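Engineer: I would like to see how this sequence folds:
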Amino acid sequence: MRIFHSKKEKKNGKRRTVALTVILSLFCGLLSGCSVRETNGTRISDLEYVIVGETDLPEELAAMIEEKKAADFKLTYQAGEELYIIRGYGEQATGGYSISIRECYLTANAIVFDTELIGPRKGESTCKGPSYPYIVIKTADREENTIFE
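Structural biologist: Numbering: from 1, shown residues only. Take a look at the predicted model:
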C-alpha cells in the first residue's frame with residue numbers, strides 16, 4: 001500500500017526531522033557534561049618538574065603508555081600528590097629520535113606543556129626497527145588542566 005503526501009507535507013516532515021535532530025544533539029551535549037573552558041595564555045611562572053625514566057614509572061602508567069605508544073598521544077596521570085604529564089609521538093620508522101621540552105609553565109588556569117620531536121641527524125647510525133618516542137615529566141599534583149602544544 002502506498003501513501004501519497006503532498007509536497008507541503010513532505011517539506012514540513014523534513015523540517016521537523018531537522019529540528020528534532022538539532023534539539024537531540026544539543027540535549028546530548030548537555031547530558032555529556034562537556035564544557036569549553038577559555039584559558040588565559042599569560043605565563044605566571046615556570047613549572048618545576050623532573051623527567052621520569054621508563055624504569056621509574058608507576059606500573060599502571062607504564063601499562064597505559066604501552067597500550068597507547070603506537071599512535072600519537074597526550075596523557076596526564078595523577079598518583080598520590082604527583083602529576084605525570086606524558087607526550088608520545090607514535091611509531092617512527094627508525095630509532096634516533098629525541099624529544100625536546102620547549103616550554104612548561106603555568107597560566108592562571110592551566111599548565112602549558114610544549115614539546116618537539118627531533119629526528120635523527122643525516123648520516124647518524126640508528127636502529128633499523130621502529131621506535132616509539134615519548135617523554136614523561138613529573139610535578140606536584142595540580143588542579144589546572146593541561147594544554148599540550
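Engineer: And the helices in the chain?
Structural biologist: In the chain, helices defined by DSSP state H lie at 7-32, 59-68, listed in chain order.
Engineer: Out of the ones you listed, point me to the one whose mean pLDDT is lowest.
Structural biologist: Lowest mean pLDDT of the helices of the chain: helix 7-32, a mean of 51.
Engineer: shaky segments in the protein?
Structural biologist: Residue ranges of the chain with pLDDT under 70: 1-40.
Engineer: where along it do the strands fall?
Structural biologist: Secondary structure of the chain by DSSP state E: the strands cover 45-46, 50-51, 72-79, 82-89, 98-106, 110-118, 134-140, 145-148.
Engineer: Figure out which of the ones you listed is closest to Met64.
Structural biologist: Across the strands of the chain, Met64 has its closest neighbour in strand 72-79 (6.8 Å, C-beta to C-beta). No exception for glycine: its C-beta is placed from N, CA and C like everyone else's.
Engineer: other SSEs contacting the closest one?
Structural biologist: Using 3 or more C-beta pairs under 8 Å, 6 or more residues apart in numbering; DSSP states H and E, the elements in contact with strand 72-79 are helix 59-68, strand 82-89, strand 145-148.
Engineer: Give the buried residues for that strand.
Structural biologist: Buried residues in strand 72-79, defined by neighbour count with 16 or more other C-beta atoms under 10 Å: 73, 75, 77.
Engineer: Could you do stretch 47-59 as well?
Structural biologist: Across stretch 47-59, burial judged by 16+ other C-beta under 10 Å covers 47, 49, 52, 57.
Engineer: and the end-to-end length of that stretch?
Structural biologist: End-to-end distance of stretch 47-59 (C-alpha to C-alpha, to the nearest Å): 25 Å.
Engineer: So what touches it?
Structural biologist: Where contact means C-beta atoms under 8 Å, 6 or more residues apart in numbering, the residues beyond stretch 47-59 that reach it are 62, 65, 77, 79, 84-85, 101, 104-106, 111, 135-140.
Engineer: I'd like the distance from that stretch to the chain centre, please.
Structural biologist: Taking C-alpha atoms, centre = their mean, to the nearest Å, one finds stretch 47-59 lying 18 Å from the centre of the chain it belongs to.
Engineer: Likewise for stretch 116-134?
Structural biologist: Centre-to-centre, stretch 116-134 and its host chain are 23 Å apart (C-alpha atoms, centre = their mean).
Engineer: Many thanks, we can stop here.
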